[in-house]
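A.B. asks: give me coordinates for this.
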Amino acid sequence: MNRYLKEKFFLILMKISFYLFIFMVISLFFSIFLKGISYLNLEMVTSKPAKGFYLGGGGGILPSIVGSLVLAFFSTLLAFLISLPMAIFLNLYSKKRFSNFIRNFFDLLWGIPSIVYGIFGFFIMVYIGLKASILSGIITLTFVIFPLILRSLDELLQNVPFTLKEASLSLGLNKFQMGIKVFLKAIAPGALSSVLISFGRAIGDSASILFTAGFSDNFPTSLFSPTSSLPLVVFYLYSSPDKDVSRRAYAASIILIIISILISIISRRIGKRIYGK
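C.D. replies: Residues are numbered from 1 along each chain as shown. Got it, this is the predicted structure:
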């Protein structure tokens, strides 16, 4: 009887937590859409900011959308290219004690606030004489999401069945071939999810690029040109004392949410095409 009551209690607790979470998410989305949908129009998505846009003028935020996508894409790609060989090294080459030390170290890096990475990126900029630009923003964002991708890939590789490793060695594959041809294929669906989660983290991060990517109302033309991003646009618009201007921040937030949803849908489509699931 006591065990039955405990089960009922925790079942009720789980249901309350689940429905409370759903209510909070729906409330968040509803409040943003309610306040911003009337300010969202085609001009805002397809044009550059006109003169005085942040004071109530016309125009849109297309350069910020492009800047966010560029920053997120290249930082995620760079972080993945660095993380993959390191994850393979930790699982196939290094000793267990050293691997555990590195994992604990990257767990620590994972928990560092992104504003700290922004200050670190700014310090590097000053030290090497690099101005605020797309390149600086990409480097800083790479530091932010690198621990996330590395630990995700590391966990995936640790869960690869030991029998698969034995079978690979029995076929005459060396460790490098086993990591690239066997393990990488085995973790591909999880790796795709890890990359997309990191991409979402990168596209929504503002603190790390506040000091490094700069801000511009124009489209980025090179790696050394400054660029704006959607999170910074939301911040600057919402900081305005003018109610109409601050409501544009909610419209920009809607665009950011839609981009995140589209990325999720596209990734699921790609997963179904590749793996038939």
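
A.B. asks: so which residue is dead centre in the protein?
C.D. replies: Against the mean C-alpha coordinate of the chain, by C-alpha atoms, centre = their mean, the closest residue is Arg201 at 2.1 Å.

A.B. asks: does it really touch Thr142, like I thought?
C.D. replies: No. Arg201 lies out of contact with Thr142 (C-beta atoms under 8 Å); the separation is 11.7 Å. For every residue, glycine as well, the C-beta is placed using N, CA and C.

A.B. asks: secondary structure element for the closest residue to Ser206 other than its chain neighbours?
C.D. replies: Spatial nearest neighbour of Ser206, excluding adjacent residues (C-beta to C-beta, 6 or more residues apart in numbering): Pro231 at 3.3 Å. Per DSSP states H and E, Pro231 falls inside helix 230-238.

A.B. asks: and the next helix or strand after that helix, what does it pack onto?
C.D. replies: Helices and strands here follow DSSP H and E; after helix 230-238, the next one along the chain is helix 243-275. Under the contact definition 3 or more C-beta pairs under 8 Å, 6 or more residues apart in numbering; DSSP states H and E, helix 243-275 sits against helix 2-36, helix 42-46, helix 62-92, helix 188-204, helix 230-238.

A.B. asks: quick one: buried residues of helix 243-275?
C.D. replies: The neighbour-count criterion (16 or more other C-beta atoms under 10 Å) identifies 245, 247-257, 259, 263, 267, 271 as the buried residues of helix 243-275.

A.B. asks: re the thing from before, which elements pack onto the helix holding Pro231?
C.D. replies: In terms of contact count using 3+ C-beta pairs under 8 Å, 6+ apart, helix 230-238 is assigned the packing partners helix 62-92, helix 243-275.

A.B. asks: relative to Asn159, which of the ones you listed is closest?
C.D. replies: Asn159 sits nearest to helix 62-92 of all the helices and strands packed on helix 230-238, at 10.2 Å, using C-beta to C-beta.

A.B. asks: could you point out which element follows that closest one?
C.D. replies: Using DSSP H and E, the helix or strand that directly follows helix 62-92 along the chain is helix 96-110.

A.B. asks: the helix or strand following that next one packs against which elements?
C.D. replies: Proceeding N to C from helix 96-110, the next assigned helix or strand is helix 114-128, under DSSP H and E. Judged by 3+ C-beta pairs under 8 Å, 6+ apart, the packing partners of helix 114-128 are helix 134-158.

A.B. asks: list the buried ones in the helix it packs on?
C.D. replies: Using 16+ other C-beta under 10 Å as the burial criterion, the residues of helix 134-158 that qualify are 134-154, 156-157.

A.B. asks: tell me how far the closest residue to Phe211 other than its chain neighbours lies from Thr142.
C.D. replies: Take Phe211 and drop its neighbours on the chain: the residue closest to it by C-beta to C-beta, 6+ apart is Phe122, 4.0 Å away. Here Phe122 is placed at a distance of 15 Å from Thr142 (C-beta to C-beta, to the nearest Å).

A.B. asks: where are the low-confidence patches of the chain?
C.D. replies: In the predicted model, the chain carries pLDDT under 70 at residues 1, 162, 166, 169, 270-277.

A.B. asks: what do you get if the cut-off is 90, keeping everything else the same?
C.D. replies: Of all residues in the chain, those with pLDDT under 90 make up the ranges 1-13, 15, 21, 25-69, 83-137, 139-140, 143-144, 146-277.

A.B. asks: quick one: Arg198 and Thr76 touch, right?
C.D. replies: For residue 198 the amino acid is Ser, not Arg. Yes. With contact defined as C-beta under 8 Å, Ser198 counts as touching Thr76 (5.2 Å).

A.B. asks: what do those two both touch?
C.D. replies: Shared contacts of Ser198 and Thr76 (C-beta atoms under 8 Å, 6 or more residues apart in numbering): 145, 149.

A.B. asks: three-state assignment of Ala213?
C.D. replies: Secondary structure assignment for Ala213 (DSSP: H, G, I helix; E, B strand; the rest coil): coil.
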